[in-house]
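Undergrad: Everything below, folded, please.
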Amino acid sequence: MTDTATISHNWAFGVFLLGVVTLCLLMLGISRFLGGKAWGRSKNEPFESGMLPVGTARLRLSAKFHLVAILFVIFEAEALFLFAYAVSVRETGWAGFIGAVIFAGILLLGLVYEGAMGALNGGVATKPRGAGKNVNPPSCSQGD
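TA: Residues are numbered from 1 along each chain as shown. Purely as a prediction, here's the structure:
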């Protein structure tokens with residue numbers, strides 16, 4: 001590509017970005033000035049289907065919920081890759097089939113490992129392996 005063509009492409013992209021930023025600022029500004037401003041006693045309260053909110057919204061969730069979310073994303077990505085294979089199964093032939101089996105096998109091994117580590121227990125408290133063995137029990141001396 002020549003320098004003139006490169007400059008014209010960059011110029012067009014710059015004009016596009018300027019237009020996008022201008023349009024966004026214009027929409028935000030117009031909504032700020034023309035939008036309704038209703039203030040009231042219950043304006044900043046969350047909508048609870050007609051019920052008064054009780055307590056705080058700051059709940060502490062167990063880390064297991066986040067782990068389940070991460071595992072869901074990982075296995076959802078697996079489904080995405082396997083769907084792409086399913087669409088092109090005729091074109092890929094045996095090589096694609098073997099690749100898909102290896103891919104699914106690796107993910108199955110990961111699932112078995114996560115199950116063995118207790119990541120899939122769903123809130124059931126279990127002791128880690130060897131947690132019941134106390135090698136050095138603490139001394140039970142009552143005040144001297």
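
Undergrad: just checking, what packs against the lengthiest helix in the chain?
TA: For the chain, the longest helix by residue count, based on DSSP state H, is helix 3-34. Contact partners of helix 3-34 among helices and strands, from 3 or more C-beta pairs under 8 Å, 6 or more residues apart in numbering; DSSP states H and E: none. For glycine as for every other residue, the C-beta is placed from the backbone atoms N, C-alpha and C.

Undergrad: and after that helix, which helix or strand comes next?
TA: Proceeding N to C from helix 3-34, the next assigned helix or strand is helix 63-87, under DSSP states H and E.

Undergrad: what's the following helix or strand after that following helix?
TA: helix 89-117.

Undergrad: Could you give the separation of that next one from the chain centroid?
TA: The chain centroid and the centroid of helix 89-117 are separated by 23 Å, computed with C-alpha atoms, centre = their mean, to the nearest Å.

Undergrad: tell me which residues in the lowest-mean-pLDDT helix or strand in the chain are buried?
TA: Averaged element by element with mean pLDDT, DSSP states H and E, the chain has its least confident helix or strand at helix 63-87 (a mean of 82). Using 16 or more other C-beta atoms under 10 Å as the test for burial, helix 63-87 gives residue 78.

Undergrad: got it, and stretch 99-112?
TA: Neighbour counts over stretch 99-112 (16+ other C-beta under 10 Å) mark 100, 107, 111 as buried.

Undergrad: Identify, from these, the entry nearest to residue 57.
TA: Set against residue 57, the nearest of the buried residues of stretch 99-112 by C-beta to C-beta is residue 111 (34.1 Å).

Undergrad: pLDDT value on that closest one, please?
TA: Looking at residue 111, its pLDDT reads 85.

Undergrad: For it, which residues are in contact?
TA: Going by C-beta atoms under 8 Å, 6 or more residues apart in numbering, residue 111 touches residue 75.

Undergrad: can I get the buried residues of stretch 99-112 in JSON lines with distance to residue 20?
TA: Converted to JSON lines, those look like this (distance: C-beta to C-beta, whole Å):
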{"residue": "100", "distance to residue 20": "41"}
{"residue": "107", "distance to residue 20": "40"}
{"residue": "111", "distance to residue 20": "43"}
